[in-house]
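K.L.:
the following block contains a protein sequence and its predicted model.
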Amino acid sequence: MALFLTVTVTGIFARPAGEFLTEEEIELIQINQKIDSRVKLYLNAAALRLKSTEARLRGKETEPGDPLEYFTPEDMLDGYYRILNSVMFNLDDAYQKANRDNSGLKKALKALQKSAKESLSELEFLEKLAKEQNKTELLRLVRRAIEITNGAHEGAADALSEKPPTSEKDEYR
């Protein structure tokens, strides 16, 4: 069963250098190979982007050296979307391999479910700010982020309600 691939993946916008993670985030994710550790790092990066987007929309300037200093609110929302997309692909892959290594999968799914629920209220607030400030592109990105967040929440809930495969012949499709 492709848990998270049921979400419609729309076009991904490139930001300068094509990265949506900072060098430090990339390094930490590469070092942490366990699914629950990786998902936690991705979700922390996603949450940081939402908080930073809100701060920018409220007029707060970034501090020098802030890893997101040169990201626009649009870059950060695009990054949030791309991070959640990566989490869903990572979890789907781990779920498909659960018969060999189930360690941390349930923990990662619970973290995604909790984070998605929390992010939805933040995204709703960002939607309100984008409307108030008449920022059409930002509003479009917020709505796209809400869509993927809803899909991630539902996918995690569905996966947690099922038993992972117990042999290579088990398929969830």
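P.N.:
Sure thing, it's come through.
K.L.:
tally of neighbours for Gly65?
P.N.:
6 (other Cβ atoms under 10 Å). (C-beta placed from N, C-alpha, C; glycine too.)
K.L.:
would you map the helices across the protein?
P.N.:
23-31, 35-57, 73-96, 105-132, 136-161 (DSSP state H).
K.L.:
spatially central residue in this structure, please.
P.N.:
Leu84 (2.0 Å; Cα atoms, centre = their mean).
K.L.:
any idea how far the closest residue to it other than its chain neighbours is from Phe89?
P.N.:
Closest residue in space to Leu84, ignoring its immediate chain neighbours: Ile148 at 5.0 Å, by Cβ to Cβ, 6 or more residues apart in numbering. Distance of Ile148 to Phe89, computed by Cβ to Cβ, to the nearest Å: 12 Å.
K.L.:
distance to Gly65 and mean pLDDT for the helices of the chain - can I get that in CSV?
P.N.:
Below are these laid out as CSV (distance: least, Cβ to Cβ, whole Å; pLDDT from 0 to 100):
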stretch, distance to Gly65, mean pLDDT
helix 23-31, 12, 91
helix 35-57, 14, 95
helix 73-96, 17, 93
helix 105-132, 24, 96
helix 136-161, 25, 95
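K.L.:
right, and those - which one's nearest Pro67?
P.N.:
Taking Cβ to Cβ, helix 23-31 is the member of those nearest to Pro67, at 6.4 Å.
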